[in-house]
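Visitor: Prediction below, plus the sequence it came from.
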Amino acid sequence: MPFLLACGVCGYWIAWSRFPPVAPWVLIFAGWFLGLSVVRSAGQAAIPGAMRLGSALLLLLATALVSVLAGGPFVAAWLPLACLAGIVGLFRPGVWQPARPWARPAALGLSAAAVLLLAGTAVFEFRRAGRLSPAQRVLLTESTPAADLELKRIERCAPLQEVIRGATRDRRLVEKTVRRARQVCEPAGLERFLATEADQARREGAGMEWKAEVLERATTVP
């Protein structure tokens, strides 16, 4: 996906459209990895997947910067693998024999808490995303490629009209939604709706002239 190379935030929204907990999960895995690295450094335990604290902080910082600029959550795909290696290390006695006594219970408690957070966040985010209407999902991801993915799922006229009414930033999205509406809406009713929304955009004034122009032009296109 070439757009991921230019827009890491777009990558997060695209991943959200398929897996809503993606952003909090990245944060939880980052905290889990950092916690295991603290235990490794302070507890003198050779935990698989963890690093010395300074190295862990530098790697997390680099991952955060790159994932925002390009690649999105896919740049952080190593985090779950590192944490999984840490879980495996919990059951390897050789990891803890030279470590301080508190290190293994700390790593075990940290890992248990992280797993519970992942499960709870998944339930919460999927339920929250499930309460969004199709139009709300498009508008939430406006100005990102994820909006196009959500728009393709809409098969009825009313949600498409809601997208046209609610869009405030993305000219291309409005144009695509109008074309989609022409495929599923009753023509006469759609023309009246577009004319009304064009007038409304004109009345709103500054910043919405582009929308009025798009809708006015659409009313003249057969």
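Guide: Thanks, I have the structure now.

Visitor: Which positions within the one helix or strand residue 149 maps to qualify as buried?
Guide: With secondary structure defined by DSSP states H and E, residue 149 is part of helix 145-152. Neighbour counts over helix 145-152 (16 or more other CB atoms under 10 Å) mark 145-147, 149-151 as buried. All C-beta atoms are positioned from the backbone trio N, CA, C, and that covers glycine.

Visitor: Output the residues you listed in CSV, with distance to residue 99 and pLDDT appended to each entry.
Guide: Output for these, formatted as CSV (distance: CB to CB, whole Å; pLDDT from 0 to 100):
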residue, distance to residue 99, pLDDT
145, 46, 85
146, 44, 88
147, 49, 91
149, 47, 88
150, 49, 92
151, 53, 93
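
Visitor: I'd like the residues you listed written out as TSV, with distance to residue 36 added.
Guide: Shown next, in TSV, are the buried residues of helix 145-152 (distance: CB to CB, whole Å):
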residue	distance to residue 36
145	34
146	32
147	37
149	35
150	36
151	41
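
Visitor: and which of these is nearest to residue 119?
Guide: Using CB to CB, residue 146 comes nearest to residue 119 of those, at 24.6 Å.

Visitor: From what I see, that closest one and residue 18 are in contact.
Guide: No: Residue 146 lies out of contact with residue 18 (CB atoms under 8 Å); the separation is 9.1 Å.

Visitor: Tell me where the protein has helices.
Guide: 3-6, 8-18, 22-43, 53-69, 78-89, 93-96, 103-130, 134-140, 145-152, 157-166, 171-184, 187-204, 209-219 (DSSP state H).

Visitor: so how far is residue 198 from residue 64?
Guide: Distance of residue 64 to residue 198, given as CB to CB, to the nearest Å: 43 Å.

Visitor: Between those two, which is the more surrounded one?
Guide: More crowded of residue 64 and residue 198, by other CB atoms under 10 Å: residue 198, with 19 against 16.

Visitor: what's the closest of the buried residues of helix 145-152 to residue 85?
Guide: residue 146 (31.3 Å).

Visitor: remind me which residues of this structure are low pLDDT?
Guide: 1-6, 220-222 (pLDDT under 70).

Visitor: domains for it, by residue range?
Guide: Per automatic domain parsing, the structural domains of the chain span 3-130, 134-219.

Visitor: residues near the spatially closest residue to residue 100 that is not a sequence neighbour, how many?
Guide: Excluding its sequence neighbours, the residue lying closest to residue 100 (CB to CB, 6 or more residues apart in numbering) is residue 43, at 4.7 Å. Using other CB under 10 Å, residue 43 has 20 neighbouring residues.

Visitor: wouldn't residue 43 be in contact with residue 105 here?
Guide: No: between residue 43 and residue 105 there is no contact under CB under 8 Å: 9.9 Å.

Visitor: got the contact list for the helix holding residue 149?
Guide: Outside helix 145-152, the residues that touch it by CB atoms under 8 Å, 6 or more residues apart in numbering are 3, 7, 10, 13-14, 16-17, 134, 137-139, 141, 163, 170, 173, 176-177, 180.

Visitor: The same query, at a cut-off of 10 Å, please.
Guide: The contact list for helix 145-152 (CB atoms under 10 Å, 6 or more residues apart in numbering) reads 1, 3-4, 7, 10-18, 132, 134-142, 144, 159-160, 163, 167, 170, 172-173, 176-177, 180.

Visitor: List buried residues within the residues you listed.
Guide: Listed as buried from the contacts of helix 145-152 are 4, 7, 10-17, 134-142, 144, 159-160, 163, 167, 170, 173, 176-177, 180; burial here means 16+ other CB under 10 Å.
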